[in-house]
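[1] no FASTA, just this:
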């Protein structure tokens, strides 16, 4: 199967499997989405969703979050990995939103990535899901599946993102980002498939004999 045929198959299969693409992180607006994505680094969405209700009740907007002490924020997110660093970043991020952006989440990659704790992936999620700007955030699931599905060589997250953007039409990016994550969690897990097990891998490469070694980003 040629690469463009694989692309068309992937779009078709994912649309059939996931016609709806709810954002896995609970949030109510761009600010709470930004904070939730920041907190999700090296942590499961499920765990983040367990702690954010109390955090967002205490700091539902930048002004309220900035008014909390770092210790108060840490107490609310202590269950998460890297909690101390995340608490520091959350407080400073809220302060900078007030200082630089009038208490609003900026709708540009440059401004978002200038905030503490916000890398390109986090900015991409916010831009795509909060503001509808086409983006293709690459997490470990997407990085893994891009290798297994022959879409990227997996040398780096940046290369994987560039390859996916080149292969898939821009109007599909925001939807595909979530669909691929869903598929990776449900069917093509790190240990549950080696490029020869899940139905997508077997359809794309029916004669594949060797396992695809997953190179972590």
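    Thanks, I have it. It should be emphasised that the depicted structure is a prediction, and the values quoted were computed from it without experimental measurement. Numbers count the residues shown, from 1 in each chain.

[2] Would you mind identifying the next helix or strand past the lengthiest helix in the chain?
    Taking DSSP state H as the criterion, the chain has its longest helix at helix 83-101. Moving toward the C-terminus from helix 83-101, the next helix or strand (DSSP states H and E) is helix 109-113.

[3] Now do the buried residues in that next one.
    For helix 109-113, a neighbour-count test (16 or more other CB atoms under 10 Å) marks 109, 111-112 as buried. (Glycine included, C-beta is placed from N, CA and C.)

[4] And stretch 70-82, by the same measure?
    73-74, 76-77, 80.

[5] Stretch 18-29 too?
    Within stretch 18-29, the residues that qualify as buried are 18, 21, 24-27, counting by 16+ other CB under 10 Å.

[6] now, among those residues, which is nearest to residue 128?
    Looking at the buried residues of stretch 18-29 and their distance to residue 128, the nearest is residue 21, at 10.9 Å (CB to CB).

[7] What's the separation between that closest one and residue 116?
    Distance, residue 21 to residue 116, using CB to CB, to the nearest Å: 29 Å.

[8] rewinding a little: what is the nearest of the buried residues of helix 109-113 to residue 51?
    For those, the residue nearest residue 51 by CB to CB is residue 112; the value is 22.3 Å.

[9] Excluding chain neighbours, give the residue nearest to the closest one in space.
    residue 123 (3.8 Å; CB to CB, 6 or more residues apart in numbering).

[10] How about the secondary structure of that neighbour?
    With DSSP: H, G, I helix; E, B strand; the rest coil as the basis, residue 123 sits in helix.
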